[in-house]
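S.K.: Turn this into a structure:
(one chain, ligands or ions: 2)
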Amino acid sequence: MKSKLGKKSKCRFDRANLKKIPAEARAVVAALRAAGKKAYFVGGGVRDLLAGLKAVDFDVATDARPEEVRGLFRRTAPTGIKHGTVTVLGSRGNYEVTTFRRDGKYGDARHPDDVTYARTVEEDLSRRDFTFNALAYDPVDDKLIDLFGGVDDFKRGVVRAVGAAVERFSEDGLRPLRAVRLAARFEFEIEAETLNAIPKVLERVRMVAAERVRDEFMKMQAAAPKPSYGVDLMRETGLLDLYIPELLEGYGVTQNEFHAYDVYTHSLYSCDAAPAEKPLVRLAALLHDVGKPRTRVVRDGRVTFYNHQAVSRRMARHILDRLRFSKKERDHVLHLIYYHMFGYTPSWTDAAVRRLIRKVGRENIADLFDLRIADWFGNGTNYGFPGYLRALERRINEAIAREEAFTEKDLALDGRDVMAALEIPPGPKVGEALSYLLERVLEDQSLNDRERLLGLLREKFGPGAGGE
Ligand code: ATP
Ligand code: MG
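M.R.: Ligands and ions are numbered 1, 2, ... in the order given. Predicted coordinates for the structure are as follows:
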């Protein structure tokens, strides 16, 4: 089924932007040329510059060999010698200078087995993935080399493989994911032959290391105005079924009156509504309801998803492990998913607000709110900022600003004090005592005073107290 999510928008394209290449970057090319070598700006940098984007990598391709490049510049680093790359260190930036390449055979569906140097920029451009990634710019003669119609494709908003798509994707199984990522980033369409090639090469894509897939996927979360467009392209082409089939379970699964969309669409729109500068929150938004289909129950004509946050967390753990996220990133995302359902009413006491902070962790509050707001906008039935969340946010910020105690660490005494006061050795008792004190302090902050806490300790655990 054809994607309805996202839509094509034409990217700005302006050849005049090529004039804006900074002097230091030009000087790198000029120095190579002065030494009698060929040299061009190539790759994503040229593309991004034409699109008017600000932060641009200036990668250079040359027929000079790495050792020649090292000899030409004062400060260099051998960052990728085995791929023919030397980084020239400038005062305003670093410039990757790579010897023209022609790739060898592709064994593991990802890495060219061996790098063979090429003599011409044409050969180097032919090994590149998409037409608008295969542009070379010569700043000395102000000449743009465009062998495959990349400028036209870029102007029309089309991602097109260089050469025969099935063949190019079979050489490197990461390319279909790059196609989707770039389509989502620029809100381009994937040209038909290129798009139709993806379902034919899924076996090849499956061979790509999970870390590479994860990196492409997260680059898409960080760079696409609407990741939903890319995720839905993944669904259409079979890529989603390879890596996150759980999301497909929500396709067409209807919800209750609070929702305009099925679970799948709601997940994608929530992802869009989360901040791009927090890709992990976007990921949490994408996965926050992944357990809903498995918990869906209709009772008296009402649709419920009881405890879906726990099922979502469990399923998300499998997904994030499959994609080899670090434990730290995984646990953060899982934490956000599990707590996304917190409730709030204005009748909450200050103690209840503090308990929420304690449970969620001060350091996670901002992300959790971003997730919750994304969830709210992803419903498709809500307009305007949720007032109740703003009210809760204000109360939380006030409590934090008052430097209230939310954890054992914030108490006016520590474990050593507890051991001394109760004359007990280190052990679980100490933790129990601290958590008892924290409970009391969460309820009443005025108790957070060393003497009062010691008093509470003796009262509860001291000789004759009876309570353990
Ligand atoms: P960005 O830097 O915005 O993530 P990019 O297209 O610049 O995107 P890079 O990984 O920096 O991606 O690659 C630089 C260039 O190298 C690309 O523009 C493309 O010409 C080429 N390239 C990168 N990966 C591949 C690949 N898997 N197959 C063929 N060419 C590639
Ligand atoms: Mg790049």
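S.K.: hey, where'd the helices end up in the stretch 101-250 of the chain?
M.R.: Secondary structure of the stretch 101-250 of the chain, counting by DSSP state H, counting those that start in this stretch: helices at 121-126, 150-156, 165-171, 175-186, 192-197, 202-205, 210-223, 227-237, 239-243, 245-248.
S.K.: quick check: angle from the fourth one to helix 210-223?
M.R.: This means helix 175-186. Between helix 175-186 and helix 210-223, the angle comes out at 10 degrees (axes from the mean of the first three to the mean of the last three C-alpha atoms, to 10 degrees).
S.K.: quick one, which of the helices of the stretch 101-250 of the chain is nearest to residue 447?
M.R.: helix 210-223 (44.0 Å; C-beta to C-beta). Bear in mind the C-beta positions are built from the backbone N, C-alpha and C, glycine included.
S.K.: Against which helices or strands is the closest one packed?
M.R.: helix 175-186, helix 227-237, helix 279-287 (3 or more C-beta pairs under 8 Å, 6 or more residues apart in numbering; DSSP states H and E).
S.K.: in it, what counts as buried?
M.R.: 212, 213, 214, 215, 216, 217, 218, 219, 220, 221, 223 (16 or more other C-beta atoms under 10 Å).
S.K.: Check what contacts it and list those residues.
M.R.: Applying C-beta atoms under 8 Å, 6 or more residues apart in numbering, the external contacts of helix 210-223 come out as 110, 174, 177-178, 180-181, 184-185, 227, 230, 243, 271, 276-277, 279, 282-283, 322-325.
S.K.: Give me the buried entries from these.
M.R.: When those are checked for burial by 16+ other C-beta under 10 Å, the buried set is 110, 174, 177-178, 180-181, 184-185, 227, 230, 243, 271, 279, 282-283, 323, 325.
S.K.: Throw the helices and strands packed on helix 210-223 into CSV and include distance to residue 399 and mean pLDDT, thanks.
M.R.: As requested, the helices and strands packed on helix 210-223 are exported to CSV (distance: least, C-beta to C-beta, whole Å; pLDDT from 0 to 100):
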stretch, distance to residue 399, mean pLDDT
helix 175-186, 39, 98
helix 227-237, 33, 98
helix 279-287, 22, 98
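S.K.: now those in TSV, with distance to ligand 2?
M.R.: Putting these into TSV (distance: least, C-beta to the ion, whole Å) gives the following:
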stretch	distance to ligand 2
helix 175-186	11
helix 227-237	18
helix 279-287	17
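S.K.: right, and residue 133 touches residue 50 too?
M.R.: No: assessed by C-beta atoms under 8 Å, residue 133 is found out of contact with residue 50, at 11.4 Å.
S.K.: Which residue of these two possesses the greater neighbour count?
M.R.: Taking neighbours as other C-beta atoms under 10 Å, residue 133 and residue 50 compare with residue 50 leading, 25 against 20.
S.K.: List the contacts of that one.
M.R.: With C-beta under 8 Å, 6+ apart, residue 50 has these contacts: 13, 14, 15, 17, 18, 135, 151, 154.
S.K.: Provide the backbone phi and psi angles at it.
M.R.: Taking degrees, to the nearest 10, you get phi -60, psi -30 for the backbone angles of residue 50.
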